[in-house]
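Asks: coords below, sequence missing:
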């Protein structure tokens, strides 16, 4: 059985994104051209505790996504 973490990683690799309420995670390169050419993952939250950050490491981005998701449940 595939874990939720694995499911998100697969979505990101397929050019998709994951959303939960006001929180999202994506591979930003699929939506914007970055000058650096490096792969970046964005975790973005648009609720009262606004948050937006780019990550080089997909696992670090997924960790942050789940941390924020627990806070907004």
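Replies: All right, it came through fine. Keep in mind that this is a model prediction, so the values were computed, not measured.

Asks: Could you tell me the end-to-end distance of stretch 43-61?
Replies: Distance between the boundary residues of stretch 43-61 (C-alpha to C-alpha, to the nearest Å) amounts to 6 Å.

Asks: again with stretch 34-43
Replies: First residue to last in stretch 34-43 (C-alpha to C-alpha) measures 16 Å.

Asks: can you check stretch 10-26 too?
Replies: 11 Å.

Asks: Pull out the buried residues from it.
Replies: Across stretch 10-26, burial judged by 16 or more other C-beta atoms under 10 Å covers 12, 17-18, 23-26. In this view, the C-beta of every residue, glycine as well, is placed from N, C-alpha and C.

Asks: Distance to residue 61 and secondary structure for those - can I get that in CSV?
Replies: CSV is the format used below for those (distance: C-beta to C-beta, whole Å; DSSP: H, G, I helix; E, B strand; the rest coil):
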residue, distance to residue 61, secondary structure
12, 8, helix
17, 11, strand
18, 11, strand
23, 12, strand
24, 11, strand
25, 6, strand
26, 9, strand
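
Asks: Taking these together, which two end up most distant?
Replies: Using C-beta to C-beta, the buried residues of stretch 10-26 span at most 14.4 Å, a distance reached by 12 and 23.

Asks: Quick check: the gap between the residue most central in space within the chain and residue 66.
Replies: In the chain, the residue lying closest to the centroid (C-alpha atoms, centre = their mean) is residue 25, at 2.0 Å. For residue 25, the distance to residue 66 equals 9 Å [C-beta to C-beta, to the nearest Å].

Asks: Which pLDDT does the model give residue 31?
Replies: What the model reports for residue 31 is a pLDDT of 85.

Asks: For burial, what's the neighbour tally of it?
Replies: 10 (other C-beta atoms under 10 Å).

Asks: Nice, that's everything, thank you.
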